[in-house]
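Asks: mind folding the following:
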Amino acid sequence: MPSTVLVTGGAGFIGTWVLRELLARGMQPVVLDVCRNDARWQSILGPQKDQVTFVQGGLLDRPLLQQTLARHAISHVIHLAALLTPQCQQDPWTGCEVNILGSVALFEAARALPGQIQGISYASSFAVYGPEADDSELGVSAAQNRPPSFYGAYKMAVDLIAEQYARHFSISSVGIRPHVVYGPERTVGLTAGPSLAARAAARGEAFTINYTGRLGYDYVEDVARAFVRSALETPPGWAVVDLPGQVATTQDFIDVIDRIVPGAGARLSVDGPAVPANIPPRPRYISKLFPDWRATTLTEGIQATVDFYRRGT
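Replies: Numbers count the residues shown, from 1 in each chain. Below you'll find the model as predicted:
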């Protein structure tokens, strides 16, 4: 019998690629999300989208969550559902409810089914890292990174909560911290610009990336593979791992696109504020968990993104 995997937030960008990875492995995915995205599923999953079971609802509906785990005999969980930085900054209360209480609801649902849930992976974030701080009055020591946003603070809180569920209830989990995730169908968010630039190049269009800065980039299929593998191969206890991410400036990204699509660089530009790189002071890369891990290079990832859109034009 194939494993049945619950994907919270499975209608999103990363969630859809997670579904693709699960289906490729012969798994049975069940999605819990507040709404579905048939256009994205059709684009990335094709006819296989009909193999996905969709449950409409949110994590705060605890009876529905518990019923979903039990009714579908869920064996593994990939937890992606969350409100992102803008929503959390604008409405910290709701951000806290969804990102923190929703995550606690998920761990509680797993605790209520002892022995059924064999592994959990969840989305942590590089947003937990901020500028190094030194403020003795606030009890913050030198070289200690602090989250610069509510979203980062919530993600850090979930990391700590996951540790407690491992310590006290033996619910094992792996948190995944990607950098900027790029690839086909990344269309929204501040850092969607490089993905949209690759799409524009494939279509012969002009595009301006709306930020600058030197950041790490993770190709979406790597990110999906990290979540799936961590859920299916969750080691005992609690771990949070960083994805390696290839560091590049936005101009570097355009230069790679131009090599793949000669002449595209003349139609692409960069104009916007600098986005700070939140660098982990002591990274723990996923290769510590999976020694055979190989990351897709920026050239390979951009080539795959351009090819995806060329096939669709």
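
Asks: can you name the residues bridging to residue 219?
Replies: residue 182 (DSSP bridges).

Asks: count of residues packed around it?
Replies: 26 (other Cβ atoms under 10 Å). Any C-beta I mention is one placed from the backbone N, CA and C, and that applies to glycine too.

Asks: what sits against it?
Replies: Residue 219 makes contact with 181, 182, 183, 295, 296, 300, 301, 304 under the criterion Cβ atoms under 8 Å, 6 or more residues apart in numbering.

Asks: isn't the second one right next to residue 217, touching?
Replies: Yes - the pair formed by residue 182 and residue 217 meets the contact definition of Cβ atoms under 8 Å, at 5.5 Å.

Asks: need the overlap of contacts for these two.
Replies: Counting by Cβ under 8 Å, 6+ apart, the contacts common to residue 182 and residue 217 are 194, 301.

Asks: elements contacting the helix or strand containing residue 259?
Replies: Applying DSSP states H and E as the criterion places residue 259 in helix 250-260. Helix 250-260 is packed against helix 193-203, strand 207-209, strand 268-270, helix 298-311, with contacts defined by 3 or more Cβ pairs under 8 Å, 6 or more residues apart in numbering; DSSP states H and E.

Asks: now the last one, how far from the chain's geometric center?
Replies: Relative to its chain's centre, helix 298-311 lies at 19 Å (Cα atoms, centre = their mean, to the nearest Å).

Asks: if you average the pLDDT over that helix, what comes out?
Replies: Helix 298-311 carries an average pLDDT of 97.

Asks: need the three-state assignment for the nearest residue to residue 59 once chain neighbours are set aside.
Replies: Nearest residue to residue 59, sequence neighbours excluded (Cβ to Cβ, 6 or more residues apart in numbering): residue 102, at 3.3 Å. The assignment at residue 102 comes out as helix when based on DSSP: H, G, I helix; E, B strand; the rest coil.

Asks: where does the prediction get shaky in the chain?
Replies: 1, 131-144, 313 (pLDDT under 70).

Asks: contact partners for residue 156?
Replies: Residues near residue 156 by Cβ under 8 Å, 6+ apart: 128, 147.

Asks: tell me the buried residues in the helix or strand hosting it?
Replies: Assessed by DSSP H and E, residue 156 sits inside helix 150-169. Residues of helix 150-169 classed as buried: 150-159, 161-163, 165-166 (neighbour count, 16 or more other Cβ atoms under 10 Å).

Asks: beyond that helix, next helix or strand please.
Replies: As assigned by DSSP H and E, the chain's next helix or strand after helix 150-169 is strand 173-177.

Asks: next, the angle from that following strand to helix 150-169.
Replies: 160 degrees (axes from the mean of the first three to the mean of the last three Cα atoms, to 10 degrees).

Asks: hmm, who's touching strand 173-177?
Replies: With Cβ under 8 Å, 6+ apart, strand 173-177 has contacts from 107, 119-126, 128, 158-159, 162, 165-166, 223, 226-227, 230-231, 234-235, 238-243, 280, 286, 289.

Asks: from those residues, which land in strands?
Replies: 119, 120, 121, 122, 123, 238, 239, 240, 241, 242 (DSSP state E).

Asks: number of nearby residues for the second one?
Replies: The reference is to residue 120. So residue 120, with other Cβ under 10 Å, has 25 neighbours.

Asks: any of the contacts of residue 219 buried? List them.
Replies: Of the contacts of residue 219, these count as buried by 16+ other Cβ under 10 Å: 181, 182, 183, 295, 296, 301, 304.

Asks: how about the third one, nearest residue that isn't a chain neighbour?
Replies: Distances taken as Cβ to Cβ, 6+ apart put residue 220 closest to residue 183, at 3.3 Å, once the chain neighbours are dropped.

Asks: can you get me a residue count around the one you found?
Replies: Neighbours around residue 220, by other Cβ under 10 Å: 26.

Asks: residues contacting it?
Replies: 13, 14, 17, 181, 182, 183, 184, 186.

Asks: surely residue 100 and residue 154 touch.
Replies: Yes - in this structure, residue 100 is within contact of residue 154 by Cβ under 8 Å, at 5.4 Å.

Asks: measure residue 42 to residue 62 for me?
Replies: 32 Å (Cβ to Cβ, to the nearest Å).

Asks: I am finished for the moment; much appreciated.
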